[in-house]
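# sequence first, then the predicted structure:
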Amino acid sequence: MKSYLRLSRFFLFPLCVVWLCVCQGLQAQESLEAILQRVPKAPPGVPVPPLPEGPLHYATAEGMDIEVSILARGLIHPWGLASLPDGSFLVSEREQGLLRVIRDGILDPEPVAGLPEVRGGFWTGLLDIVLHPGFTNNRLVYMTYNKPLGEKTSTIAVLRGTWDGKALRNVEDIFIADPGVAGSSPLLFDQQGLLYVSFYGGSEDAQDLAQLRGKVLRLTDSGMVPADNPFIKTPGARPEIFTFGHRTTQKMVLHPETGEIWSLEMGPNGGDEINILKPGANYGWPLVSLGRDYAGPWQSKEFKKAGFEDPVVYWMPSISVSGMTFYTGDKLPLWKGDLLVGGLRMGEIPATGHLQRIRFNANGEEIRRELLLTDLRQRIRGAYQGADGFLYVLTDENDGALMKIGPLP
């Protein structure tokens with residue numbers, strides 16, 4: 001049954017592309033039949049082996065051997081993870097619309113109570129999780145989710161609730177996007193305690209400052225608009241917008257030394273990229289891209305253009321980037337300062353998910369890259385540094401797991 005579900009997900013990919021096209025209003029320009037004809041059908045790939053019991057040992061490029069332990073199993077397409085100060089984790093299950101808790105490496109069988117109704121489905125549901133910078137004192141948790149707006153329509157909302165150790169209390173929506181807004185919608189708090197959230201922008205809406213699609217928003221921790229947002233005085237622009245011209249932002253993290261916001265963005269067939277967010281900047285989608293359309297042609301005629309920000313890292317072919325973290329702990333000393341990026345699949349081939357480690361020089365320029373966990377063939381949802389200094393990785397599978405990476409004992 002699991003093999004059938006895994007294969008069916010890949011065969012359904014062209015239909016999901018069609019659905020995205022329809023949502024963006026492209027059906028007026030091209031029939032559904034024409035879209036189906038030009039989108040190649042994904043191959044079945046090779047069988048994905050079950051995760052071994054572990055622990056697993058690997059030699060790595062920097063001369064540091066690592067141990068990978070398979071912790072909590074039984075997660076259904078986990079999406080977001082937050083590491084709590086007590087060593088436990090909050091994990092969102094996207095399609096299920098459930099919030100789960102992992103304690104001592106064991107998944108609690110009971111979902112966390114207190115969430116509102118979530119519209120779950122393919123690429124929709126319960127999404128990212130972050131803790132308020134003052135979590136130790138206020139216990140506030142923030143999440144993005146697909147909020148139902150009637151029988152067939154939903155949008156992305158940002159909720160805030162108080163974690164009491166077992167459930168979320170006093171849950172409220174602090175920001176609700178326009179009807180039809182969708183996407184992975186990652187969250188991030190900056191060094192000033194301001195909250196960022198991003199929405200999918202599959203079409204020219206990403207260039208329209210009157211629309212929320214394809215934008216990164218900057219909000220206060222209560223969902224209000226900061227007085228110094230870059231477009232707050234621009235006629236016709238949404239005052240929440242911080243940057244625009246984005247396709248599908250998957251994760252945002254703070255650089256541990258500069259405090260800059262690094263944003264991970266999924267391209268089409270190629271063109272995955274990492275951008276450094278600057279107030280009011282335009283990142284080019286869909287006018288400039290390093291990727292190809294799923295049918296093969298280049299997405300855009302130009303790879304760069306005056307007025308658009310260039311990425312600092314990019315992928316061709318795409319690895320379907322999913323999440324990332326800068327490693328700053330002491331458990332893996334030879335990786336300190338490196339960026340760990342999760343990939344769901346490479347070059348449109350199923351069962352090629354893995355983790356990548358990227359090293360930069362003092363100027364923030366990439367100098368080398370290493371592929372990790374390729375033998376597991378798992379869809380890697382993202383990498384996270386735990387409160388204990390270990391590295392944690394989620395697998396985005398029907399039987400998803402949390403894996404712990406540390407030094408050999």
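That came through, no problem.

# next SSE downstream of the helix or strand where residue 381 lies?
Assignment of secondary structure by DSSP states H and E places residue 381 within strand 380-385. Scanning forward in sequence from strand 380-385, with DSSP H and E defining helices and strands, the next element found is strand 391-395.

# average pLDDT across that next one?
Averaged across strand 391-395, pLDDT comes to 98.

# give me the pLDDT value at the nearest residue to residue 77 once chain neighbours are set aside.
Of all residues beyond its chain neighbours, the one nearest residue 77 is residue 94 (4.9 Å), with distances taken as Cβ to Cβ, 6 or more residues apart in numbering. The way it works is simple: take the backbone N, C-alpha and C, and place the C-beta from them, glycine included. Residue 94 carries a pLDDT score of 96 in this model.

# and residue 94, how far from residue 272?
Shown here: residue 94 relative to residue 272, a distance of 20 Å by Cβ to Cβ, to the nearest Å.

# how about residue 356?
Counting by Cβ to Cβ, the gap from residue 356 to residue 272 is 10 Å.

# overlap in contacts of these two?
residue 319 (Cβ atoms under 8 Å, 6 or more residues apart in numbering).

# who has more neighbours out of these two?
For residue 356 against residue 272, the residue with the higher neighbour count under other Cβ atoms under 10 Å is residue 272, and the figures read 28 against 24.

# surely that one and residue 322 touch.
No - taking Cβ atoms under 8 Å as the definition, residue 272 is not a contact partner of residue 322, at 9.8 Å.

# who touches both of these two?
Common neighbours of residue 272 and residue 322 are listed as residue 266 (criterion: Cβ under 8 Å, 6+ apart).

# what's the nearest residue to residue 50 once chain neighbours are set aside in contact with, if anything?
For residue 50, ignoring the flanking residues on the chain, the nearest one in space by Cβ to Cβ, 6+ apart is residue 399 at 8.0 Å. Taking Cβ under 8 Å, 6+ apart as the contact definition, residue 399 lies against 2, 50, 73-76.

# state the distance from residue 399 to residue 76.
When distances are taken as Cβ to Cβ, residue 399 and residue 76 turn out to be 8 Å apart.

# so where's this protein shaky on pLDDT?
1-38 (pLDDT under 70).

# what segments of it are helices?
Ranges of helices within the chain are 2-11, 13-23, 32-38, 135-138, based on DSSP state H.

# hang on, the earlier thing: the strand holding residue 381 to strand 391-395, inter-axis angle?
Between strand 380-385 and strand 391-395, the angle comes out at 160 degrees (axes from the mean of the first three to the mean of the last three Cα atoms, to 10 degrees).

# give me the nearest residue to the one residue sitting closest to the centre of the chain, chain neighbours excluded.
Closest residue to the average C-alpha location of the chain: residue 250 at 2.8 Å, with Cα atoms, centre = their mean. On the basis of Cβ to Cβ, 6+ apart, the spatially nearest residue to residue 250 that is not a chain neighbour turns out to be residue 264, at 4.8 Å.

# now do the strands in the stretch 101-250 of the chain.
106-107, 126-131, 140-148, 154-163, 168-176, 187-189, 195-198, 215-219, 241-244, 248-254 (DSSP state E, counting those that start in this stretch).

# deepest in the core, which of the ones you listed is it.
With neighbours taken as mean count of other Cβ atoms under 10 Å, these reach their highest mean count in strand 195-198, at a mean of 26.

# tell me the strands beside that one, with direction?
strand 187-189 (antiparallel), strand 215-219 (antiparallel) (DSSP bridges).

# which other residues reach the first one?
Which is strand 187-189. Contacts to strand 187-189, defined as Cβ under 8 Å, 6+ apart, come from residues 128-130, 132-133, 142-144, 158, 195-197, 221, 252-254, 261.

# apply 10 Å and report the result again.
If you take Cβ atoms under 10 Å, 6 or more residues apart in numbering as the criterion, strand 187-189 is touched by 80, 82, 127-135, 142-144, 158, 194-198, 216, 218-219, 221, 249, 251-254, 261-263, 277.

# how far is it from where the chain is centred?
12 Å (Cα atoms, centre = their mean, to the nearest Å).

# count residues in the vicinity of residue 273, would you?
For residue 273, the number of neighbouring residues by other Cβ under 10 Å comes to 27.

# which ones are touching it?
Going by Cβ under 10 Å, 6+ apart, residue 273 touches 246-247, 263-267, 283-285, 289-291, 310-316, 318, 321.

# can you report how many residues lie near the residue nearest to it when sequence neighbours are not counted?
For residue 273, the nearest residue in space outside its immediate sequence neighbours is residue 311; the separation is 3.6 Å by Cβ to Cβ, 6+ apart. A total of 21 residues lie near residue 311 under the criterion other Cβ under 10 Å.

# check residue 134 too.
The burial count assigned to residue 134 is 12, neighbours taken as other Cβ under 10 Å.

# do you have the strands of the stretch 251-400 of the chain handy? List them.
In the stretch 251-400 of the chain, the strands defined using DSSP E, counting those that start in this stretch lie at 261-266, 272-276, 313-315, 321-326, 339-343, 354-360, 366-372, 380-385, 391-395, 400-407.

# picking up where we left off before, got a PyMOL select line for the buried ones in the contacts of residue 273?
Applying 16 or more other Cβ atoms under 10 Å to the contacts of residue 273 leaves a buried subset, and the PyMOL line that selects it is:
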select buried, resi 246+247+263+264+265+266+267+283+284+285+289+290+291+311+312+313+314+315+318+321
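
# mind checking how far residue 133 is from residue 57?
According to Cβ to Cβ, residue 133 and residue 57 sit 37 Å apart.

# what about the nearest residue to residue 193 once chain neighbours are set aside, how many neighbours?
Take residue 193 and drop its neighbours on the chain: the residue closest to it by Cβ to Cβ, 6+ apart is residue 133, 5.3 Å away. For residue 133, the number of neighbouring residues by other Cβ under 10 Å comes to 17.

# ok, now which ones touch residue 133?
Counting by Cβ under 10 Å, 6+ apart, residue 133 makes contact with 140, 189-195, 221.

# now for those, which pair is the farthest apart?
Taking Cβ to Cβ as the measure, those reach their widest spread between 140 and 191, a distance of 17.3 Å.
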